[in-house]
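>>> dropping the sequence and predicted coords here.
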Amino acid sequence: MAENDTHYNGTSNTNNMQAEPVIPLPTPGEGSPAYPGNIPGQEPVIPLPNPGEGGPVYPGNGSGQEPVIPLPNPGEGGPVYPGNGSGQEPVIPLPNPGEGGPVYPGNGSGNEPVIPLPNPGEGGPVYPGNDPGQEPVIPLPNPGEGGPVYPGNNNGPVTWLPSFPPSTGTPCMSPQCFGQVRFLNASTNAFAVSICIDSTSYASNSRFGSVSGYDWIADGFHTVTVRRATGMRNILLQQNFPFVANQKVTMVLTDSASGGLEMVRVVDTGCSNLPASSGCYRFANMAYSGSSFDLLLTGGETVFRNVGFQTVTSYKQAVAGFYQFYVTDSSNYAFIRELPIIVIGAVATGSGVRQPLVSFSANIIAGRNYTSYIIGNTWSGNGLRVLTIED
């Protein structure tokens with residue numbers, strides 16, 4: 001019995017001299033250094049933590065490896081080993097949707113980190129094909145935004161063409177989307193004016209009796225502004241007008257009954273399907289408020305009658321040729337009739353030649369349209385004047 005005791009004690013003492021002490025496995029949920037396989041000679045490591053906790057562990061429970069940080073809970077970040085192999089550099093895991101951060105597209109060492117694809121509406125450089133060595137480009141923006149993109153993920157930026165809202169559409173640059181406009185200054189003011197449409201000048205230093213050439217105007221409503229050409233350049237008139245594609249208009253600046261200015265829109269749409277050797281002709285009264293005129297040939301035949309202020313007659317067919325006209329105050333004779341077609345040498349059917357206020361001549365060329373504007377007044381230095389212009 002004493003020998004067994006002695007043998008047992010000797011064995012126990014021998015083991016204690018050769019083996020290193022180890023730390024027992026902890027209770028689940030607690031952490032402390034332990035030997036994963038309870039084999040002496042290994043370095044202590046930290047056991048796997050409870051879910052949601054972090055700490056360095058050995059992915060394969062093998063000795064000689066460096067500790068790494070375990071995969072975090074969803075939504076957390078931290079460097080991990082993609083292949084659980086030693087010697088690789090740690091990389092940052094893919095973030096939660098909506099978060100950014102450099103990642104390795106192929107999870108291989110030696111690649112440069114790039115920015116992941118952002119949430120819709122966000123920008124940031126990305127690798128189109130996740131190949132190293134490419135230059136980062138800006139992703140396709142949201143509709144309505146611009147920025148250089150790679151259409152085929154090729155190097156070399158191109159300009160992205162912005163889209164237009166459905167309400168406006170792509171601006172039409174065809175001549176079919178434009179009309180033409182010119183300005184006639186029939187105002188008797190002594191000072192010059194400048195006329196703009198929106199922010200574009202169409203007539204500069206315009207004075208009484210001046211006519212601008214036709215210029216292009218986009219289809220739609222536009223604001224016409226009249227200012228003094230010199231001095232304070234204060235606004236004298238500002239008004240919106242419609243302009244129609246493929247249509248010519250003459251905008252006439254006149255005196256108003258109240259002493260200010262008014263703008264009259266005259267559409268220059270002439271005759272069509274004219275007979276050979278004929279043109280078109282009309283008459284317009286832009287003189288002064290309360291005026292009313294008749295237009296006669298020199299033989300006394302009435303061409304147009306009772307043309308009131310700011311009134312434009314319809315076009316009439318006129319045989320091509322050189323005409324002499326004169327203007328009188330309107331007659332109250334009911335039996336006076338207008339010529340249906342303007343012909344040189346027509347015989348008068350009225351009661352005789354009336355006292356002319358102003359006379360003028362016009363040369364009508366076949367296939368063309370003309371308008372004679374009477375402007376001015378009888379009491380100012382400008383007097384009455386007639387301008388005949390081709391439409």
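Yes, it's here. Residues are numbered from 1 along each chain as shown.

>>> for the protein, which segments are assigned as helices?
Assigned by DSSP state H, the helices in the chain fall at 2-18.

>>> where does the prediction get shaky in it?
By pLDDT under 70, the low-scoring segments of the chain are 1-171, 334-335, 346-353.

>>> 90 - rerun?
1-176, 190, 230-234, 257-259, 269-276, 298-300, 331-337, 344-355, 378-382 (pLDDT under 90).

>>> next, the buried residues of stretch 258-269.
For stretch 258-269, a neighbour-count test (16 or more other CB atoms under 10 Å) marks 261-264, 266, 268 as buried. All C-beta spots, glycine's among them, are computed from the backbone N, C-alpha and C.

>>> then stretch 248-260?
The neighbour-count check on stretch 248-260 (16+ other CB under 10 Å) flags 248-255 as buried.

>>> what's the answer for stretch 232-249, then?
Applying 16+ other CB under 10 Å to stretch 232-249 flags 236-237, 243, 245, 247-249 as buried.

>>> how near is the residue nearest to residue 248 when sequence neighbours are not counted to residue 252?
Among residues not flanking residue 248 along the chain, residue 268 sits closest, at 4.1 Å (CB to CB, 6 or more residues apart in numbering). As defined by CB to CB, to the nearest Å, residue 268 lies at a distance of 11 Å from residue 252.

>>> got it, and residue 200?
Distance from residue 200 to residue 252, counting by CB to CB: 19 Å.

>>> still on that earlier bit, can you redo the buried residues of stretch 232-249 as CSV with distance to residue 189?
As requested, those are exported to CSV (distance: CB to CB, whole Å):
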residue, distance to residue 189
236, 9
237, 11
243, 25
245, 33
247, 29
248, 26
249, 23
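
>>> which single one of those residues is nearest to residue 341?
residue 248 (24.0 Å; CB to CB).

>>> may I have the beta-bridge partners of the closest one?
residue 180 (DSSP bridges).

>>> what does residue 279 give?
Here residue 279 sits in beta bridges with residue 318, as judged by DSSP bridges.

>>> how about it, what does it touch?
Applying CB atoms under 8 Å, 6 or more residues apart in numbering to residue 279 gives the contacts 271, 317-318, 320, 364-370.

>>> OK, contacts around residue 256?
Per CB under 8 Å, 6+ apart, neighbours of residue 256: 262, 289.

>>> picking that back up, I'd guessed the residue nearest to residue 248 sits against residue 251; true?
No - here residue 268 lies out of contact with residue 251, judged by CB atoms under 8 Å, at a distance of 10.7 Å.

>>> buried subset of the contacts of residue 279 as a PyMOL selection?
Only the buried entries of the contacts of residue 279 go into this PyMOL selection, using 16+ other CB under 10 Å:
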select buried, resi 271+317+318+320+364+368+369+370
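
>>> quick one: which of the contacts of residue 279 is nearest residue 188?
residue 370 (23.8 Å).

>>> do I have it right that the closest one meets residue 361?
No - Residue 370 is not in contact with residue 361 according to CB under 8 Å; the separation is 11.8 Å.

>>> what touches both of these two?
With CB under 8 Å, 6+ apart, residue 370 and residue 361 have no common neighbours.

>>> isn't residue 373 up against residue 184?
Yes - between residue 373 and residue 184 there is a contact under CB under 8 Å: 6.4 Å.

>>> who touches both of these two?
252, 286, 387, 389.

>>> the first one reaches residue 387, doesn't it?
Going back to what we said before, that points to residue 252. No - applying CB under 8 Å, one finds residue 252 not in contact with residue 387, separated by 10.4 Å.

>>> any shared contact partners between these two?
Listed as contacting both residue 252 and residue 387 by CB under 8 Å, 6+ apart are 184, 373.
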